[in-house]
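Engineer: Dropping the sequence and predicted coords here.
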Amino acid sequence: MKPAPKALLPCLVIIAVAGCSSGKAPPTAEPPQVGTVAAAQQTIPLTRNLVGRLSAYMSANVVARVSGVLVKRAYNEGDEVRQGQLLFEIDPSYYTAVLDNNQAVLAEDQATFTNNRVTAERERKLLPVGSVSQQTVDDADAAERSAAAKVQADQAAVETARINLGYTRVTSPISGTASQQQVTQGALVGSATSDTGSGGTLLTTVARIDPLYVNFTISAADLLTLRQSQNVALAHQRDTKVQITLPNGGPYERAGTLDFSDVAANPTTGAVNLRALVPNPKHELLPGMYVTLSITLGERSHVYLVPQQAVQRDTVGAYALVVGPGDVVLRKNVTTAESYGNDWIVTDGLVSGDQVIVSGLQGAREGGQAKAVPWQPPPLTASPPRAGASDASNAGSPPATRRP
């Protein structure tokens, strides 16, 4: 092939230049689209999630207050009993004999007192006529007073014997649920015939479990911070509500009320003891169980709720990106308190109306442009079926959902 003539080269250059100059300029890139939420001041409940332990509203140990052989159990274990209801019987033979003996001694001393009183009255009548001496009258008066004192002592002994005989019938000190018996029929209970309970044998326990107490603690430092916060209004003790989550993870249908707040912190743990009162009409809750509770201590005002994914952190601290005037992306350093559901509670750094970027953060840059559109939370998604579950068992059942 022959080379092109040199005379044609200028023409080719002119054509190439003309072709390049006729092309259009590349279009300007559009700003990225980001999902935003408008910041607005809110007042939200001030809640704390804590762990507590249940205890009976009233609990009483049923003990043998006198010694003897246990001859009868008069209740069914686990049943509801009334105050004063008979629970156990101890062999009363010895205490019956003691009572009879003391009554006999009382009768004897009453007769002696009556005789001494008659004698003293007679001696006092004879004294004015000189038939008896003053010493004789004084001795008769002393004998009368001694007999009277002996009668009073005998009366006290009879009453003591009657009380001990009554202790052989062991009754419930309170109304509630009677627990399992600790000793069986035929066992020797008590420590001595004069035992009044300090060393008595434990027979059973009666507990009232409707309502129940929930005992828990809160950090003294945390409580002090809440009380000193300007945007926190703590509720009155009787208005403080407590919601319980059962050990199996399900919610308890009845809310409780704060019943007690200690006036001192535990010097070992630095925590303050609190107690709530929770209704338990169905006896679903049992003393000794550990439960998770959410306590509403009051209200937190003038705060912002921001989705958690909108708050980022770096070496400076927490911050959020907002779309400002002119669609310019701005950085705002924020102060967060704690989480509230799927949001962060922001106490400082935002103003009402700020368009906080929630989605599209990977394309937003501080100082750059961004197009703001309302952010929509992702829809609830169905959880995967359990392993081994058949299609037939799942047919017609609504899918399980989870919070985003």
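Structural biologist: Ah, there it is. Residues are numbered from 1 along each chain as shown.
Engineer: for the residue nearest to the spatial centre of the chain, what are its contacts?
Structural biologist: Centroid check for the chain by CA atoms, centre = their mean gives V214 as the closest residue, at 3.0 Å. Contacts for V214 (CB atoms under 8 Å, 6 or more residues apart in numbering) come out as 52-55, 242, 244, 256, 275-278, 291, 293. C-beta here means a position set from N, CA and C on the backbone, and glycine is covered the same way.
Engineer: For H283, see how far away it is.
Structural biologist: 15 Å (CB to CB, to the nearest Å).
Engineer: Of the contacts of V214, grab the buried ones for PyMOL.
Structural biologist: Buried members of these, defined by 16 or more other CB atoms under 10 Å, are picked up in PyMOL with:
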select buried, resi 52+54+55+242+244+256+275+276+277+278+291+293
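Engineer: what's the closest of the contacts of V214 to K332?
Structural biologist: Closest approach between the contacts of V214 and K332, by CB to CB: L293, at 35.5 Å.
Engineer: For the closest residue to Q85 other than its chain neighbours, give me the backbone phi and psi.
Structural biologist: Closest residue to Q85 apart from its sequence neighbours, by CB to CB, 6 or more residues apart in numbering: S172 at 4.9 Å. Main-chain dihedrals, S172, degrees, to the nearest 10: phi -80, psi 130.
Engineer: hang on, the earlier thing: tell me which of the contacts of V214 fall in helices.
Structural biologist: Applying DSSP state H to the contacts of V214, no entry is found in helices.
Engineer: Any stretches of the protein with poor pLDDT?
Structural biologist: The chain contains residues with pLDDT under 70 at 1-29, 191-199, 228-235, 380-404.
Engineer: longest strand of it?
Structural biologist: strand 42-63 (DSSP state E).
Engineer: That strand - contacts with which helices or strands?
Structural biologist: Under the contact criterion of 3 or more CB pairs under 8 Å, 6 or more residues apart in numbering; DSSP states H and E, strand 42-63 touches strand 176-178, strand 202-219, strand 271-278, strand 290-307.
Engineer: Any chance of the ones you listed in TSV with distance to T160 as columns?
Structural biologist: TSV is the format used below for these (distance: least, CB to CB, whole Å):
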stretch	distance to T160
strand 176-178	29
strand 202-219	22
strand 271-278	40
strand 290-307	46
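Engineer: which one of the ones you listed lies closest to A140?
Structural biologist: strand 202-219 (53.2 Å).
Engineer: Return the set of buried residues in that closest one.
Structural biologist: So for strand 202-219, counting by 16+ other CB under 10 Å, buried means 203-209, 211-214, 216-218.
Engineer: Figure out how far it is from the centre of its chain.
Structural biologist: 11 Å (CA atoms, centre = their mean, to the nearest Å).
Engineer: One more: stretch 97-109?
Structural biologist: 55 Å.
Engineer: and if you look at stretch 338-354?
Structural biologist: Counting by CA atoms, centre = their mean, stretch 338-354 comes out at 29 Å from the chain centroid.
Engineer: now what about it, what contacts it?
Structural biologist: Contacts of stretch 338-354 (CB under 8 Å, 6+ apart): 38-41, 44, 47, 231, 300, 302-308, 310-311, 319-320, 322, 332-337, 356, 403-404.
Engineer: give me the beta-bridge partners of the residue nearest to G368 when sequence neighbours are not counted?
Structural biologist: Excluding the flanking residues, the one nearest G368 by CB to CB, 6+ apart is V329, at 5.3 Å. Beta-bridge pairing for V329 (DSSP bridges): V323.
Engineer: how far away is V329 from L321?
Structural biologist: For V329, the distance to L321 - CB to CB - is 6 Å.
Engineer: any residues in contact with both of the two?
Structural biologist: Common neighbours of V329 and L321 (CB under 8 Å, 6+ apart) are 357, 364, 366.
Engineer: burial count for the last one?
Structural biologist: To tie it back to what came earlier, the one meant is E366. By other CB atoms under 10 Å, the residues close to E366 number 10.
Engineer: which residues sit in contact with it?
Structural biologist: By CB under 8 Å, 6+ apart, the neighbours of E366 are 321, 329-331.
Engineer: now these as JSON lines including neighbour count and distance to L226?
Structural biologist: As requested, the contacts of E366 are exported to JSON lines (neighbours: other CB atoms under 10 Å; distance: CB to CB, whole Å):
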{"residue": "L321", "neighbour count": "25", "distance to L226": "30"}
{"residue": "V329", "neighbour count": "23", "distance to L226": "35"}
{"residue": "L330", "neighbour count": "15", "distance to L226": "32"}
{"residue": "R331", "neighbour count": "16", "distance to L226": "30"}
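Engineer: TSV for those residues, including distance to W375?
Structural biologist: Converted to TSV, the contacts of E366 look like this (distance: CB to CB, whole Å):
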residue	distance to W375
L321	13
V329	15
L330	17
R331	18
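Engineer: Which member of the residues you listed is positioned nearest V189?
Structural biologist: The closest of the contacts of E366, once distances to V189 are taken by CB to CB, is L321, at 76.1 Å.
Engineer: any idea what the closest one is structurally, helix, strand or coil?
Structural biologist: strand (DSSP: H, G, I helix; E, B strand; the rest coil).
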